[in-house]
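**Q** quick check, what structure comes out for this input:
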Amino acid sequence: MNSILTQLKIFAKENNVPILREQSGHILLQICQKNKPKNILEIGTAIGYSGILMLEGSGKTSTLTTLEKNPLRIEQAKANFQKANLQNRVTLLEGDAMTSLLLLQSQQKTFDLILLDGPKGQYIKYLPILKNLLTPKAILFADDIYLHGWVKSQEKIPHKHRAMVMALRRFIDALSVDQTLKTQFLDIEDGLSISQKK
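**A** Presented below is the predicted three-dimensional model:
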């Protein structure tokens with residue numbers, strides 16, 4: 001199975017597809033191996049790399065619901081889930097992530113692990129819904145929360161990134177004060193947060 005993940009890493013590098021970085025992926029895999037989440041939700045499928053990683057780490061009965069709106073990425077991910085022989089354990093919801101999240105909430109779906117790796121400016125908007133989708137003790141893993149270091153920087157942010165940076169700062173602040181979640185922030189790679197529902 002690792003050969004598929006290796007192939008996807010090479011493909012991602014050659015084609016400039018953003019996927020989980022090395023250390024972040026390693027930490028996420030450890031969480032899966034330790035907690036064995038039954039139901040996993042992923043916001044941002046890309047080519048299926050992190051989805052395959054999580055299913056492989058979680059055991060044979062885990063399932064993945066993954067959200068993606070880019071038509072090319074959807075096709076690539078479907079092909080890669082098939083190659084990994086995991087297609088029967090994956091539900092890929094196509095289209096706008098917020099629409100899909102509201103649908104999952106209305107269906108009263110819950111998840112033991114949520115990987116948030118979609119559009120960074122939307123993290124703060126997704127957060128109230130994601131909290132509703134977490135089972136007790138479930139984990140919310142958010143990747144790239146520092147956005148090239150700008151989120152922590154005191155310097156002037158390039159104009160086109162300013163709204164996204166402000167949104168990520170609000171997301172981090174919200175996690176920091178949330179009494180229903182226990183959150184740790186890790187300053188590795190481009191920053192990540194790991195929140196456990198109390």
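**Q** contacts, neighbours, all on C-alpha from now
**A** OK.
**Q** now do the SS call for the residue nearest to residue 152 when sequence neighbours are not counted.
**A** In this structure, residue 152 finds its nearest non-sequential neighbour in residue 146, 6.5 Å apart by C-alpha to C-alpha, 6 or more residues apart in numbering. Under DSSP: H, G, I helix; E, B strand; the rest coil, residue 146 falls in the coil class.
**Q** residue 185 now?
**A** The three-state label given to residue 185 by three-state DSSP is strand.
**Q** can you list the buried residues in the longest helix that the chain contains?
**A** In the chain, taking DSSP state H as the definition, the longest helix is helix 159-177. In terms of neighbour count (16 or more other C-alpha atoms under 10 Å), helix 159-177 has its buried residues at 164, 165, 166, 167, 168, 169, 170, 171, 172, 175.
**Q** what about that helix, average pLDDT?
**A** If you average the pLDDT over helix 159-177, you get 94.
**Q** dump that helix to PDB, restricted to CA.
**A** Provided in PDB are the C-alpha atoms of helix 159-177 (Å, rounded to 0.1, in the frame of the first residue of the first chain):
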ATOM      1  CA  HIS A 159      -3.300  42.400  -0.100                       C
ATOM      2  CA  LYS A 160      -4.700  39.400  -2.000                       C
ATOM      3  CA  HIS A 161      -4.000  37.200   1.100                       C
ATOM      4  CA  ARG A 162      -5.200  39.500   3.800                       C
ATOM      5  CA  ALA A 163      -8.800  38.300   4.100                       C
ATOM      6  CA  MET A 164      -7.600  34.700   4.300                       C
ATOM      7  CA  VAL A 165      -5.000  35.500   6.900                       C
ATOM      8  CA  MET A 166      -7.500  37.300   9.000                       C
ATOM      9  CA  ALA A 167     -10.000  34.400   8.700                       C
ATOM     10  CA  LEU A 168      -7.300  31.900   9.900                       C
ATOM     11  CA  ARG A 169      -6.400  34.200  12.800                       C
ATOM     12  CA  ARG A 170     -10.100  34.100  13.800                       C
ATOM     13  CA  PHE A 171     -10.100  30.300  13.500                       C
ATOM     14  CA  ILE A 172      -7.100  30.000  15.700                       C
ATOM     15  CA  ASP A 173      -8.600  32.400  18.300                       C
ATOM     16  CA  ALA A 174     -11.900  30.500  18.200                       C
ATOM     17  CA  LEU A 175     -10.100  27.100  18.900                       C
ATOM     18  CA  SER A 176      -8.000  28.700  21.700                       C
ATOM     19  CA  VAL A 177     -11.000  29.800  23.700                       C
END
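**Q** what helices or strands is that helix leaning on?
**A** Counting contacts by 3 or more C-alpha pairs under 8 Å, 6 or more residues apart in numbering; DSSP states H and E, helix 159-177 packs against helix 123-133, strand 181-186.
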